[in-house]
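**Student:** Curious how this folds, go ahead:
(one chain, ligands or ions: 1)
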Amino acid sequence: MVLAQLGGSISRALAQMSNATVIDEKVLNDCLNEISRALLQADVQFKMVRDMQANIKRIVNLEALAAGTNKRRIMQQAVFTELCNMLDPGKPSFTPKKGKPSVVMFVGLQGSGKTTTCSKYAYYHQKKGFKPALVCADTFRAGAFDQLKQNATKAKIPFYGSYMESDPVKIAVEGVERFKKENCDLIIVDTSGRHKQEAALFEEMRQVSEATKPDLVIFVMDSSIGQAAFDQAQAFKQSVSVGAVIITKMDGHAKGGGALSAVAATKSPVIFIGTGEHIDDFEVFDVKPFVSRLLGMGDWSGFMDKIHEVIPTDQQPDLLQKLSEGSFSLRLMYEQFQNLLKMGPIGQAKIKRYMTMMDSMTDAELDSTNPKLMTESRIIRIARGSGRPVRDVMDMLEEYKRLAKIWGKMKGLKLQKKGDMSAL
Ligand code: GDP
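**Tutor:** So this is what the prediction gives:
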């Protein structure tokens, strides 16, 4: 995925900035320009890049940058927040529920991967216990029905279509009615695509939508379409009420910035990405992990960077040893928070709050790595003891789970001998 290059360019721009001895307006602007260039090269729409640049400038306080020891982190956090905001317009307008009949209509240009994605979407939900069904209302592309039928048969998903009928609205309505009678709870309607956006395509989509009254319309977009993404997505949104986006072919050479643009154009979230031709090559899309990966924050090297940055050198070997054994306890988190507190103002209030609550925990609770130990009565006791609401204790435990998950990746890490940092 060429998107990785975007992450690399942004990280380099941040590194250059943090190497500067004095951070002034010019250094900050240079860094932001570098990041903007990287985003434009990745096919993010110009206006979005300009807005992001303005927002970061508003967020990042030059004085804090000049005084703070960790400029890179402050900037990285600002870029992270902005990219997340760009990619996260909120929840999809509808989420299917098991046992309740719903109709989901797929739209997109021909070749975008729509038919393949319908099958992937059906298969994904089937594995989750749904009873999906596929309706092929694509009467434009010869072979669309055969393709859907083949995929559906392989995955043992009921399907409906016709070789003879040329009216997509009729097929869509018949298919939806039939599967409603058969108590399917996720009826997926695949509509026609065209090579380009044209009036006939949009008119047909509107008619199918009016006749089947979908609970959700999913716009499928090929990740390799580049700068055209924004206009294409907007054209679809103007014709039918797109509620979610799926980006396909993320395994290819796509620059991927189009995903950001599609979200902006449709104001709808990306819910899945397609990562190959196989029915299983389908991933739930989560904004934060995606952006972390993009910026090299969530991956292995990003994490190691952070350890080197934050933890005092004499404590690093011990910590690495503990993490390599996979025992990440609340006590370890407490110790790491103490280190984080030394870092600067970011999140200090929150961490202090967490530590107050952890001071009300027993040794057994602090040393356990089993989240099940934290029963309701223990949580209430900790909340009372620390004078914090139960919600805050839950929040802290969630944070622990999140960190434990990331740090759990250290499990099995081979250290040559205890404390040998060169092994990393
Ligand atoms: P439609 O015309 O929009 O229905 O597109 P199809 O579903 O027929 O897909 C067009 C081509 O893209 C087919 O060769 C698919 O196998 C391929 N395709 C679809 N999704 C993906 C994906 O996520 N990754 C890759 N590599 N190929 C895909």
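**Student:** Doesn't residue 358 lie inside a helix?
**Tutor:** Yes. Using DSSP: H, G, I helix; E, B strand; the rest coil, the assignment for residue 358 is a helix.
**Student:** wait, it sits on residue 366?
**Tutor:** Yes. Judged on Cβ atoms under 8 Å, residue 358 makes contact with residue 366 at a distance of 6.7 Å. (Each C-beta comes from the backbone N, C-alpha and C, glycine too.)
**Student:** What segments of the chain are strands?
**Tutor:** Under the criterion DSSP state E, the chain contains strands at 102-107, 132-137, 159-160, 186-191, 216-222, 242-248, 270-274, 282-284.
**Student:** returning to what we had before: need the residues touching each of residue 358 and residue 366.
**Tutor:** Taking Cβ atoms under 8 Å, 6 or more residues apart in numbering as the contact rule, residue 358 and residue 366 both touch 330, 334.
**Student:** which of the two has more neighbours?
**Tutor:** residue 358 (20 against 15; other Cβ atoms under 10 Å).
**Student:** ok, and the closest non-adjacent residue to that one?
**Tutor:** Leaving out its chain neighbours, the residue that sits closest to residue 358 by Cβ to Cβ, 6 or more residues apart in numbering is residue 334, at 5.2 Å.
**Student:** swap in residue 279?
**Tutor:** residue 123 is the one closest to residue 279 (Cβ to Cβ, 6+ apart), at 5.0 Å.
**Student:** ok, that neighbour to residue 104 distance?
**Tutor:** To residue 104, residue 123 is 14 Å away according to Cβ to Cβ, to the nearest Å.
**Student:** show me what contacts the residue nearest to residue 279?
**Tutor:** Taking Cβ under 8 Å, 6+ apart, we find residue 123 in contact with 132, 155, 157, 279-280, 282.
**Student:** Identify the farthest-apart pair in those residues.
**Tutor:** Within the contacts of residue 123, two members stand farthest from each other by Cβ to Cβ: 132 and 280, at 15.3 Å.
**Student:** So the two - more neighbours on which side?
**Tutor:** Shown here are residue 132 and residue 280; by other Cβ under 10 Å, residue 132 has more neighbours (26 against 11).
**Student:** what bridges to that one?
**Tutor:** For residue 132, the beta-bridge partners are residue 186 (DSSP bridges).
**Student:** what does this structure put close to the ligand?
**Tutor:** For the chain, the residues in contact with the ligand (Cβ under 6 Å from any ligand atom) are 108, 110-116, 147, 193, 248-249, 251-252, 274-277, 281.
**Student:** Verify the stated contact: residue 94 with residue 243.
**Tutor:** Yes. Counting by Cβ under 8 Å, residue 94 does reach residue 243; the two are 5.8 Å apart.
**Student:** Now do the shared contacts for those two.
**Tutor:** residue 216.
**Student:** Looking at those two, which is more packed in?
**Tutor:** Taking neighbours as other Cβ under 10 Å, residue 94 and residue 243 compare with residue 243 leading, 24 against 16.
**Student:** Give me the domain ranges for this protein.
**Tutor:** Domain assignment of the chain by automatic domain parsing yields the ranges 3-87, 102-293, 300-423.
**Student:** which of those domains is buried the deepest?
**Tutor:** Among the domains of the chain, domain 102-293 has the highest mean neighbour count (mean count of other Cβ atoms under 10 Å), at a mean of 20.
**Student:** And the average pLDDT for that one is what?
**Tutor:** Computed over domain 102-293, the mean pLDDT rounds to 89.
**Student:** tell me the contacts of the residue of the stretch 201-350 of the chain found nearest the ligand?
**Tutor:** Closest to the ligand within the stretch 201-350 of the chain is residue 274: 2.6 Å, counting by Cβ to the nearest ligand atom. Going by Cβ under 8 Å, 6+ apart, residue 274 touches 113, 116-117, 120, 246-251, 281-282.
**Student:** Redo the contacts of residue 123 as CSV? Include distance to residue 166.
**Tutor:** Listed next are the contacts of residue 123 as CSV, based on distance: Cβ to Cβ, whole Å:
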residue, distance to residue 166
132, 26
155, 27
157, 24
279, 28
280, 33
282, 31
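**Student:** Go through those and say which is closest to residue 48.
**Tutor:** Nearest to residue 48 among the contacts of residue 123, with distances taken as Cβ to Cβ, is residue 282, at 26.4 Å.
**Student:** Name all residues that make contact with that closest one.
**Tutor:** For residue 282, the contact set (Cβ under 8 Å, 6+ apart) comprises 117, 120-121, 123-124, 272-275.
**Student:** ok, now residue 161?
**Tutor:** By Cβ under 8 Å, 6+ apart, the neighbours of residue 161 are 135-137, 145, 148-149, 171, 175.
**Student:** So what's the gap between stretch 82-101 and the chain middle?
**Tutor:** 11 Å (Cα atoms, centre = their mean, to the nearest Å).
**Student:** ok, residues contacting that stretch?
**Tutor:** Residues contacting stretch 82-101 (Cβ under 8 Å, 6+ apart): 48, 52, 55-56, 59, 102, 104, 125, 128-130, 180, 183-187, 215-216, 241, 243-244, 259-260, 263-264, 267-271, 287-288, 290-291, 294-295.
**Student:** Could you tell me the end-to-end distance of it?
**Tutor:** End-to-end distance of stretch 82-101: 37 Å, with Cα to Cα, to the nearest Å as the criterion.
**Student:** hmm, back to that, what's the farthest-apart pair in the contacts of residue 282?
**Tutor:** 123 and 273 (15.1 Å).
**Student:** Can you give the distance from the longest helix along the chain to the centre of its chain?
**Tutor:** Longest helix in the chain by number of residues (criterion: DSSP state H): helix 390-408. From the chain centre to the centre of helix 390-408 is a distance of 19 Å (Cα atoms, centre = their mean).
**Student:** Ramachandran coordinates for the residue sitting furthest away from the middle of the chain?
**Tutor:** Distance from the C-alpha centroid of the chain peaks at residue 164, with 41.3 Å (Cα atoms, centre = their mean). Residue 164 has phi and psi values of phi -90, psi -40 when expressed as degrees, to the nearest 10.
**Student:** which residues does it contact?
**Tutor:** So residue 164 contacts nothing (Cβ under 8 Å, 6+ apart).
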